[in-house]
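A.B. asks: Next come a sequence and a model predicted from it.
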Amino acid sequence: MAKAQETVLEIDLKALQHNYEYLRSKIKPETKFLAVVKAYAYGSDAQAIALHLQDLGVDYFAVAYANEGVHLREGGITVPILVLHPQKAHFKVLIENNLEPSIYSQSILSDFILTAQERGVKEYPIHLKFNTGLNRLGFSAEELPDISKLIHHQDAVKVIAILSHLAATEDNNETAFTTLQLKRFDAICKEADATFKIKLLKHVLNTSGIINYPHAQYDMVRSGIGLYGYGNHPNVDSHLIPVATLKTIIAQKHNIPAGESVGYNRKYTSNSETITATLPLGHADGIGREYGQGKTFVSISGQLAPIIGNVCMDMIMIDVTNIKCSEGDEVIIFGKELPATEFSQTANTISYELITGLSQRIKRVIKH
């Protein structure tokens, strides 16, 4: 049996390359590919992930906030970086690091133009985000004339792209709504082309959109979760490989007599003599209490062991009564053999929440 030494998140760059190449194969050769690496590259390691994707030929990156883009620049990323949710307080840093903002409201546009003018820049590239039905961020189609006035009366910024965000591309029951969103986006793009009279970069598809709506790839597609091995549908998952594997070790084993309890609040009581193992990770690492109470399993040499009792801040107890194992043995929390989709479903959540919620105190190990 493999011997581990500590809790680690193993990041497999070969799996990342496989996922990128699979998704790339679904679009036209001339279509640009934007890799979403926000939230520490979905809980992994943003610099390591981005550097490898840059070497593979990714055209763009996207992050949520400016500080994430700065982190990528510091790590050696030179290709364009889109900031999806720019904040006024970070506009100067954004410009200093050559990051491209996704502008979503007239107030944000006015403030960014003012900052760009103060910094003395000319034709700074911006993307305009339009709301086509997600109703989260974005201009309405009716605002385009007002946007045009703001843009045409200055030369500090230049619109280079139009984008929107689709709400349910993975849901076959929402095909009509997605089609409506795409129709709205297409109308906005046509009006924007006529308004700005330049060739604009257009992008709207996410990972599930790449798979299910390839006819709407426009000039660029955006992929986040798919790069990390999850496709929001079993048929897609079968073509992808999870990039991150969360591993830990058995710190100690206990023989629990019948009638004895385990853990805080005595949420587990043994019905018969039980052998438990304690693992050195817990809800401070991103494995919340909702994964306890026997609902969720981890893997030891391919055998599943349930998490019992309450998950503690730094420790988890599992039932290994019927598993031959020793202290120091490796335990897989989730990864290639136990996908995050399956692990997260036991807590009625999704792989996104699980993998992006992993604590930064977990050591990241890059597997080339």
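C.D. replies: Thanks, I have the structure now.

A.B. asks: so where is the stretch 251-368 of the chain shaky, pLDDT-wise?
C.D. replies: Scanning the stretch 251-368 of the chain for pLDDT under 70 picks out no residues.

A.B. asks: ranges for the strands of it?
C.D. replies: Counting by DSSP state E, counting those that start in this stretch, residue ranges of the strands within the stretch 251-368 of the chain are 252-256, 261-262, 268-269, 274-279, 297-300, 303-308, 316-319, 330-334, 363-367.

A.B. asks: OK, contacts around Leu34?
C.D. replies: By C-beta atoms under 8 Å, 6 or more residues apart in numbering, Leu34 lies in contact with 58-62, 82, 203, 220-223. Just so you know, the C-beta spots here come from the backbone N, C-alpha and C atoms, and that holds for glycine as well.

A.B. asks: Please name whichever of the strands of the stretch 251-368 of the chain is nearest to Gln117.
C.D. replies: strand 363-367 (40.8 Å; C-beta to C-beta).

A.B. asks: buried set for the closest one?
C.D. replies: 364, 366 (16 or more other C-beta atoms under 10 Å).

A.B. asks: quick one: contacts of it?
C.D. replies: 6-14, 44-45, 48.

A.B. asks: Pairing partners for it, with directions?
C.D. replies: strand 8-12 (parallel) (DSSP bridges).

A.B. asks: What residues of the following helix or strand past the strand it pairs with count as buried?
C.D. replies: Per DSSP states H and E, strand 8-12 leads on to helix 13-24 as the next helix or strand towards the C-terminus. By neighbour count with 16+ other C-beta under 10 Å, helix 13-24 contains the buried residues 13, 15-20, 22-24.

A.B. asks: Same check on stretch 281-290?
C.D. replies: By 16+ other C-beta under 10 Å, the buried positions in stretch 281-290 come out as 281-283, 285-289.

A.B. asks: which residues touch that stretch?
C.D. replies: So stretch 281-290 is contacted by 7, 43, 248, 310-316, 333, 347-349, 354, 357-359, 361-362 (C-beta under 8 Å, 6+ apart).

A.B. asks: Tell me where the stretch 51-200 of the chain is predicted with low confidence.
C.D. replies: By pLDDT under 70, the stretch 51-200 of the chain has no low-scoring segment.

A.B. asks: Centre of the chain to the strand or helix carrying Val236, how far?
C.D. replies: Per DSSP H and E, Val236 falls inside helix 234-237. Distance, stretch centre to chain centre, for helix 234-237: 17 Å (C-alpha atoms, centre = their mean, to the nearest Å).

A.B. asks: tilt between the next helix or strand after that helix and strand 8-12?
C.D. replies: Next along the chain after helix 234-237, taking DSSP H and E as the criterion, comes strand 244-249. Interaxial angle, strand 244-249 versus strand 8-12 (axes from the mean of the first three to the mean of the last three C-alpha atoms, to 10 degrees): 150 degrees.

A.B. asks: which other helices and strands contact strand 244-249?
C.D. replies: strand 8-12, strand 330-334 (3 or more C-beta pairs under 8 Å, 6 or more residues apart in numbering; DSSP states H and E).

A.B. asks: Just name the most buried of those strands.
C.D. replies: strand 330-334 (a mean of 24; mean count of other C-beta atoms under 10 Å).

A.B. asks: Can you show me the CA trace of the helix holding Val236 as CSV?
C.D. replies: Written as CSV, here are the backbone C-alpha positions of helix 234-237 (Å, rounded to 0.1, in the frame of the first residue of the first chain):
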residue,chain,number,x,y,z
PRO,A,234,-21.6,12.0,-17.0
ASN,A,235,-21.2,11.7,-20.8
VAL,A,236,-18.8,14.7,-20.8
ASP,A,237,-17.1,13.6,-17.6
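
A.B. asks: Go through it and flag the buried ones.
C.D. replies: Applying a neighbour-count criterion of 16+ other C-beta under 10 Å, the buried positions in helix 234-237 are 236-237.

A.B. asks: same thing with stretch 57-68?
C.D. replies: Using 16+ other C-beta under 10 Å as the test for burial, stretch 57-68 gives 58-66, 68.

A.B. asks: Same check on stretch 122-133?
C.D. replies: Residues of stretch 122-133 classed as buried by neighbour count (16+ other C-beta under 10 Å): 124-133.

A.B. asks: Just the ones of those residues in strands?
C.D. replies: With DSSP state E as the criterion, strands contain 124-129 from among these.

A.B. asks: Reformat those residues into CSV and put distance to Pro29 next to each item.
C.D. replies: Shown next, in CSV, are those (distance: C-beta to C-beta, whole Å):
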residue, distance to Pro29
Tyr124, 30
Pro125, 24
Ile126, 27
His127, 23
Leu128, 27
Lys129, 27
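
A.B. asks: which among those residues gets closest to Asn97?
C.D. replies: Tyr124 (12.1 Å).

A.B. asks: For that closest one, list the residues it contacts.
C.D. replies: Counting by C-beta under 8 Å, 6+ apart, Tyr124 has contacts 95, 116, 156-158.

A.B. asks: Now Lys26. Nearest residue, chain neighbours left out?
C.D. replies: By the measure of C-beta to C-beta, 6 or more residues apart in numbering, the closest residue to Lys26 outside its immediate chain neighbours is Ile210, 5.2 Å from it.

A.B. asks: quick check, the one you found in a helix?
C.D. replies: Yes - using DSSP: H, G, I helix; E, B strand; the rest coil, the secondary structure at Ile210 is a helix.

A.B. asks: what pLDDT does it get?
C.D. replies: For Ile210, the pLDDT comes out at 97.

A.B. asks: That's all I had, so thanks and see you.
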